[in-house]
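Undergrad: Structure of the sequence below:
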Amino acid sequence: MGSKNKLKRFRENETFSNVIQPTREELVNGSFPLKGKWKIDFFKNNKPIVLELGCGKGEYSVGLAQRYPDKNFLGIDIKGARFWRGAKTALEENLTNVGFMRTQIELVDFAFAKAEIAEIWITFPDPQIKYKRTKHRMTNTEFLQKYKQILEPEGTINLKTDSEFMHGYTLGLLHGEGHEILHANHNVYKNEYSPEEVVGIQTFYEKQYLEEGKPITYIKFRVK
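TA: Residues are numbered from 1 along each chain as shown. Just a heads-up that it's a prediction; the model follows:
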């Protein structure tokens, strides 16, 4: 994507009613006004909130919002030029139950109050395979504890990935730390028990992975 295109998308994001772009300082110093008030002030309803972390182009957030009008969805990514597509689609389709926030995932516990979130989706994250990148894996112990803070007591996390490494790493960590695994699948498109929202929505990159013959894996779990 050219720099002109990126700048155009950044400018458009600033005009979109469904895009929030807090500064790091706002989040860290506690002055972010939506923390604890997402339902009332942003979504203007009392429906459960579901996050998609590392939402990319926003296809999953939009797809879930179309399927589940009784829930609110918020895609989070630091790359605003990517989720511009999802935000624009949501506005064009008048989807009022989906929004996007531009920030770093590691600040997620600063953006939401305790137990404000019902569910989290992590879709095709960078597996960060090198050992020195362990701290950046989105299912490492530190991240799981951040998610636990903002999730309701019975809140769930979904990991969908094409990375066998990420799938195995996460399963091992969940077993080792005694978290509750609700569903684990090494190839969702070859399993008749795969949830509809797992096989019914495909991202741009997922379609490419499938064309390459890569199996798509899935885990649903609760952090204890």
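
Undergrad: Can you name the residues bridging to the residue nearest the centre of the chain?
TA: Residue closest to the mean C-alpha point of the chain, counted by C-alpha atoms, centre = their mean, is E52 at 1.6 Å. Note on E52: beta-bridge partners G75, W121, judged by DSSP bridges.

Undergrad: For it, which residues are in contact?
TA: 58, 60-61, 64, 73-76, 120-123 (C-beta atoms under 8 Å, 6 or more residues apart in numbering). All C-beta atoms are positioned from the backbone trio N, CA, C, and that covers glycine.

Undergrad: ok, G75 to D109 distance?
TA: Counting by C-beta to C-beta, to the nearest Å, the separation of G75 from D109 is 17 Å.

Undergrad: okay, the contacts of E52 in CSV with pLDDT and distance to K39 next?
TA: As requested, those are arranged in CSV below (pLDDT from 0 to 100; distance: C-beta to C-beta, whole Å):
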residue, pLDDT, distance to K39
G58, 96, 20
Y60, 96, 21
S61, 97, 17
L64, 98, 17
F73, 98, 12
L74, 98, 11
G75, 98, 17
I76, 98, 16
I120, 98, 16
W121, 98, 18
I122, 98, 22
T123, 96, 23
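
Undergrad: can you tell me which two in those residues are farthest apart?
TA: G58 and I120 (15.6 Å; C-beta to C-beta).

Undergrad: between those two, who's got more neighbours?
TA: G58 (26 against 22; other C-beta atoms under 10 Å).

Undergrad: Give me the nearest residue to the more buried one, chain neighbours excluded.
TA: G86 (1.7 Å; C-beta to C-beta, 6 or more residues apart in numbering).
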